[in-house]
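> Following is a predicted model, sequence given first.
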Amino acid sequence: MSATALSSGRPRRISPARWGLYAFILITALYFLLPLYVMIVTSLKPMAEIRQGNLLALPASPSLAAWVKAWTSACTGLTCEGIRIGFFNSLRILVPSVVISILVGSLTGYALSLWRVRGANILFGAMMVVAFIPYQVFIYPLVRVFSFTGLGQSLATIVTIHTIFGLPTMTLLFRNYFTSLPVELFKAARIDGAGFYQIYARIMMPMATPMIVVAVILQTTGIWNDFILGLVFAGRDNLPMTVQLNNIVNSTQGERAYNVDMAATLLTALLPLVVYFGSGRWFVRGIAAGAVKG
Amino acid sequence: MQRSNVDITNLQIGFGGLKVLENLNLHVDASEFLVLLGPSGCGKSTLLNAIAGLIDVKGGEIRIGDRDVTWAEPKDRGIAMVFQSYALYPRMSVRKNLSFGLKVARTPQDEIDSRVGEAAKMLRLTELLDRRPSELSGGQRQRVAIGRALVRHAGVYLFDEPLSNLDAQLRAELRVEIKRLHARLGATMIYVTHDQIEALTLADRIAVMQGGVIQQLDTPKKIYREPANRFVASFVGSPAMNFIRGRIARDGGLAFIAGDARFDLNGYAFRTPPSDAPAVLGIRPEHIEVIGSDHPSAVPARVEMVEPMGADALIWCRLADGTAFSFRSDADAQARAGDTLALRFPAEAFSLFDDQSGQRL
């Protein structure tokens, strides 16, 4: 930004400051890409080759054997059916959690956007702060609550938990977007005879597409990467992929199968990566739209 | 089509401790075009929103078509409304924008189609029916917004500064279109604006508002010719009315004295018997004329600046006591800055106001 501001007209030569900038970007990129590179090449090597210790070398004969093993037959504790069990568990947790938290969050955000009282901004500031309180604080009370209600550990419990924890962020995201829309739109719809839910479903939500995309990305990555809530509330049959991954990596007996560990880790990271690469453009656009209008 | 009258009695509206409207009374006849005119913050939009049912009232009564609707939902009041920002539903086509209200009210599809077709034809929107609002120009968007009101076949149409977002040329075009629409439908219309030209051209009657109070409610002609107080006088008319401070004197014939200048008041229709008191004389720029300097009632003034306006010219002058004023003269006027002119101020065109209260005398 400052470089553009300083040089008037079209820059002819690249200044030293520019070289410094490029060098910084390059080093940063390498810093973050190197581990990924090591993981990928390691996952494609057989154990014999890994033992030689050439961490950065390309695999002599790339093989997907470790990936197949990680997916289908790696041991996650007592069972040895690979990480796919965790993948499908995570998916079963993810889909309802994302859908429900966005539905509830957008609805509360819509309701709060209509509630324009003095001190509202302080209240919403407080909500934002609440969203940053570490989850660990809530875990023990919530365990007690859920065991008291008899829900205990189950798929329904973990979905409820994710919905609750997603609510402050989702509500604020949608509230800020909806307050940025002209009030007259809401008035016009009222004169047209539409009620609270009709306006929400037929006018507000169709306009909120960029916000929905942002919400899906935030919730998907957040819920997919969650470890502790899944471990505590999902129950033994629904343990998410992150927990299964931990089991694979930490419960090996004898020689550590680095290639399988790497493959399993990459498999676990696959979905957030796909979401980021697939929707980066939308993500930036949605955030910017919210920022400019809100 | 049903045409409703509107009756507002003792309306009170406030937000928290702030009183916006207090004991406001207003009657609008069926088929009348009433304009609420005033500067921003005068309560005109608040009044319109109250009629629409979009804000709660604290007291009083609103009747539309002789039905008490003070607490009725907007959709049940038999009204339709057009907003300044168009407020079109951005994700719907023009057709869906027009039909949304009818769909919500579960109107039969053939009825919806015929009403939408009729409104589209009237507003020349037929070609645009399948476009999105974002693909329309400002003028087209506002025509769609008007169309969305028309399909409701309402008893009263409410307009909240509908032309304020448009550029000058479009505004003039759409103004004519709205006037034509009123003539054709004969519908009751209440129209809020801060633009006095819109008010004068469109209205059957104008309610000039300030500080939540209706200052004057009358025909455009009366509002322009006989403003009830100084606020109305200064707010309506462009170029603005001239004001000259002075006093009324009854010695040697009724006259208005400002410094050395003496304005004959013979022919001015006083509302209250005149008394010797400080007052303000108002006169519109088009009523002052140049006459021969030997004329007995001639008032001398020095020309300061000439503003050519195309069809005519506005000539800015100062009286001997330094009071600045302007008058309209034909475009070929020979006056130059520095000249001294003899002017006639006809008493029939005066508006005299009390110096303290600002009320018309």
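Structure's in. What do you need?

> Which strands or helices does the helix or strand residue A:23 falls within pack on?
Using DSSP states H and E, residue A:23 maps to helix A:16-43. With contacts taken as 3 or more C-beta pairs under 8 Å, 6 or more residues apart in numbering or on different chains; DSSP states H and E, helix A:16-43 sits against helix A:2-6, helix A:258-293. In this view, the C-beta of every residue, glycine as well, is placed from N, C-alpha and C.

> mean confidence score for the first one?
Spelled out, that is helix A:2-6. Computed over helix A:2-6, the mean pLDDT rounds to 47.

> Could you identify the helix or strand that succeeds the helix holding residue A:23?
Immediately after helix A:16-43, counting by DSSP H and E, sits helix A:47-51.

> what about residue B:64, distance to chain A?
Using C-beta to the nearest C-beta, to the nearest Å, residue B:64 is found at 13 Å from chain A.

> Local confidence estimate at that residue?
The model reports residue B:64 with a pLDDT of 95.

> Was I right to think it contacts residue B:79?
Yes - counting by C-beta atoms under 8 Å, residue B:64 does reach residue B:79; the two are 6.8 Å apart.

> Overlap in contacts, those two.
Contact with both residue B:64 and residue B:79 is made by residues B:51, B:155, B:156, according to C-beta atoms under 8 Å, 6 or more residues apart in numbering or on different chains.

> Among the residues you listed, which are located in helices?
residue B:51 (DSSP state H).

> can you redo the shared contacts of residue B:64 and residue B:79 as a markdown table with neighbour count and pLDDT?
Output for the shared contacts of residue B:64 and residue B:79, formatted as a markdown table (neighbours: other C-beta atoms under 10 Å in any protein chain shown; pLDDT from 0 to 100):
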| residue | neighbour count | pLDDT |
| --- | --- | --- |
| B:51 | 26 | 95 |
| B:155 | 21 | 93 |
| B:156 | 26 | 95 |
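
> For residue 162, report the pLDDT, please.
Went with chain A since none was named. Predicted confidence (pLDDT) for residue A:162: 94.

> Actually, chain B is the one I wanted.
Reported pLDDT for residue B:162: 93.

> Run through the residues that contact it.
Counted by C-beta under 8 Å, 6+ apart, residue B:162 has contacts B:82, B:83, B:84, B:142, B:145, B:146, B:174, B:178, B:191.

> Just name the closest of these to chain A, please.
residue B:83 (4.3 Å; C-beta to the nearest C-beta).

> so who does the closest one touch?
Neighbours of residue B:83 in contact, by C-beta under 8 Å, 6+ apart: A:184, A:187, A:188, B:145, B:160, B:162.

> one more time with 10 Å, if that's ok
A:182-185, A:187-188, A:191, B:142, B:145, B:148-149, B:158-162, B:165 (C-beta atoms under 10 Å, 6 or more residues apart in numbering or on different chains).

> returning to that earlier point: is it possible to export the contacts of residue B:162 to a markdown table including pLDDT and secondary structure?
A markdown table is the format used below for the contacts of residue B:162 (pLDDT from 0 to 100; DSSP: H, G, I helix; E, B strand; the rest coil):
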| residue | pLDDT | secondary structure |
| --- | --- | --- |
| B:82 | 95 | strand |
| B:83 | 93 | coil |
| B:84 | 90 | coil |
| B:142 | 93 | helix |
| B:145 | 95 | helix |
| B:146 | 94 | helix |
| B:174 | 92 | helix |
| B:178 | 94 | helix |
| B:191 | 96 | strand |
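
> How about the residues of the stretch 1-150 of chain A by chain B?
Contact residues, the stretch 1-150 of chain A versus chain B (C-beta under 10 Å from any C-beta of the partner chain): residue A:118.

> Quick check on the residue of the stretch 1-150 of chain A found nearest chain B: phi, psi?
In the stretch 1-150 of chain A, the residue found nearest to chain B is residue A:118; the distance is 8.5 Å by C-beta to the nearest C-beta. Residue A:118 adopts backbone torsions of phi -70, psi 140, taken as degrees, to the nearest 10.

> How many residues are close by it?
7 (other C-beta atoms under 10 Å in any protein chain shown).
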